[in-house]
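Undergrad: give me a model of this one.
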Amino acid sequence: QVQLVESGGGLVQAGGSLRLSCAASGRTLTYYGMAWLRQAPGKEREFVAAITWNGGSTLYADSVKGRFTISRDNDKNTVYLEMNSLKPEDTAVYYCAAARGMGITTIDFGSWGQGTQVTVSS
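TA: Prediction:
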């Protein structure tokens with residue numbers, strides 16, 4: 001099983017940017033599709049973005065399309081989420097997750113990170 005550790009969260013003003021990182025250990029990420037999900041207080045966890053094993057395809061939630069970019073560096077065993085034009089409604093704990101296969105999934109994950117807090121002030 002792959003272990004995932006997120007970093008890069010913090011407090012930012014509306015309109016600002018943050019870059020989240022998800023570093024893997026235990027196994028290579030090369031053969032896994034990866035995703036970012038988030039959970040705001042009092043709400044269910046929701047899908048944010050996903051990427052295939054080789055970065056060839058990506059998928060975004062409508063709420064972040066055009067503002068967030070998911071990418072990966074398999075040599076560094078790391079996945080990223082670049083977040084621009086942040087809004088207060090983006091405030092949540094952001095989780096990195098590894099799919100069970102090489103493609104894109106929004107619901108079926110085999111490994112999760114512990115999460116990193118992102119807070120956007122208005």
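Undergrad: tell me the bridge partners for the most centrally placed residue in the chain.
TA: The centroid of the chain falls nearest to Trp36 when counting by CA atoms, centre = their mean (2.5 Å). Beta-bridge partners recorded for Trp36 (DSSP bridges): Ala49, Cys96.
Undergrad: need the contact list for it.
TA: Contact partners of Trp36, counting by CB atoms under 8 Å, 6 or more residues apart in numbering, are 20, 22, 48-50, 70, 79, 81, 94-97. In this view, the C-beta of every residue, glycine as well, is placed from N, C-alpha and C.
Undergrad: with Ile107 instead?
TA: Contact analysis of Ile107 by CB under 8 Å, 6+ apart lists Phe47.
Undergrad: ok, now how distant is it from Gly8?
TA: 24 Å (CB to CB, to the nearest Å).
Undergrad: equivalent analysis for Gly66, please.
TA: 20 Å.
Undergrad: go on, Ser25?
TA: Ser25 sits at a distance of 17 Å from Gly8 (criterion: CB to CB).
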